[in-house]
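**Student:** Just the structure for this:
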Amino acid sequence: MDASSVLWTNWHQQLKELLTGIHGHQKKTLAFFVLGIVLSGSAVMQRVAETLSERGLSEAKMSSIERRLSRFIANERIVVPLIWKLFLAQVLAPFCGQQLYFVLDNMPFRDELTIVYLGLLVHSRVLPVAWAVMPAQTKWDEGQWQIVGRLLDQVRIHLPSTSCTLIADRGLTGMALVKLCTARGWHYLLRVCGEHTCRRYFNGKLEQSWKRFGQIVRHRQAIAGMAQPESGKRKRWTRPSVWSGTQAVRNPGCSSVIKEPDADTFRSMPGACV
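**Tutor:** As a prediction, the model looks like this:
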C-alpha cells in the first residue's frame, strides 16, 4: 500500500469520527475531495479528479470522479456552516485552557473578493478557523466590525476558560476592535500607525495631553538607551496589548490610552506602553 492509500484510509476514518451526525456517504466524498485538493495542490475540479485517478484512490475514470465531486458541490442538503462548526469543535477542543494567539487579517483574491479571516497561530503557522468572503468592488451588506465580531464569536464558543490574544495589523485596528476584544474577554496585540494618539498613565495618573505613538516610542527608546549605555541593549516588553511597529519598549508602571484620530472615545489598557 503506497503513501497516498495509507493517507486516504486514515483521513477517511478520522473525518468519520470528527463529523458525527453527517451522512456517511457525504463524509466519504468530503474526505475524498479534501485529499484530492491536498495532493494536487489545487482546487480546480478537473485537476483534483485527475490527481485522484492517477494515484489510484478510485477505480472510477477521471470523468466519473469529476462528476461525483460536482454533484457533491451542488448538493443543497450539505450545510457548510454546520459541517465546519462540528469540525471546529473537535479541532479546537485540545487547545482549551491554553494561551492562544489568533491573527486577524484581510486577504484579497484578484480584484473581485476580499477574505476577512481569523487564524490560530500554531508553531509560526496560521491555521484559518473562521472567515467571511466579501466583494471587493461593491458595498458590503454587513459592516466590517460586525463581521469581525461574528468571526470571534464563532471561535470563542469552543474555547471556554481559555486565554486568547488577537493580533491585528494597521488596516484592522482601532477602538472598535479594542471594544470587540474586551467585550469577549480577549487580549489584543495591535500594530498602530505612529499618527494615532494616546494619553498615558504614568505613576498612577492619566496625563491630560494627547501624544502621537511615534513620539512616545522614540521617547521610550531614548530612556531605555540611557538606562544601559554600555551594552546598548534595550529591555523589550513582551506582554501583548499594544503593538507599535514590531516591538514595544518596556517602561514599568506605565500604560496607555489609545484614541483614534478625530474620535472622542478612548479606553485604558493597563500595562500597555508603546
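
**Student:** quick one, what contacts G185?
**Tutor:** G185 makes contacts with C164, as judged by CB atoms under 8 Å, 6 or more residues apart in numbering. For glycine as for every other residue, the C-beta is placed from the backbone atoms N, C-alpha and C.

**Student:** now it: how far from F33?
**Tutor:** G185 is 37 Å from F33, where distance means CB to CB, to the nearest Å.

**Student:** got it, and R191?
**Tutor:** Distance from R191 to F33, by CB to CB: 37 Å.

**Student:** Looking at those two, which has the bigger crowd around it?
**Tutor:** A direct count of neighbours by other CB atoms under 10 Å for R191 and F33 places F33 higher, at 20 against 16.

**Student:** Check which helix or strand that one maps to.
**Tutor:** helix 24-40 (DSSP states H and E).

**Student:** starting at the chain centroid, how far to the very next helix or strand once past that helix?
**Tutor:** As assigned by DSSP H and E, the chain's next helix or strand after helix 24-40 is helix 45-54. A distance of 31 Å separates the centroid of the chain from that of helix 45-54, by CA atoms, centre = their mean, to the nearest Å.

**Student:** just checking, next helix/strand downstream of helix 45-54?
**Tutor:** Following helix 45-54 toward the C-terminus (DSSP H and E): helix 62-74.

**Student:** relative to helix 24-40, how tilted is the helix or strand that comes right after that next one?
**Tutor:** Using DSSP H and E, the helix or strand that follows helix 62-74 in sequence is helix 80-92. Calculated by axes from the mean of the first three to the mean of the last three CA atoms, to 10 degrees, helix 80-92 forms an angle of 70 degrees with helix 24-40.

**Student:** Thank you, goodbye.
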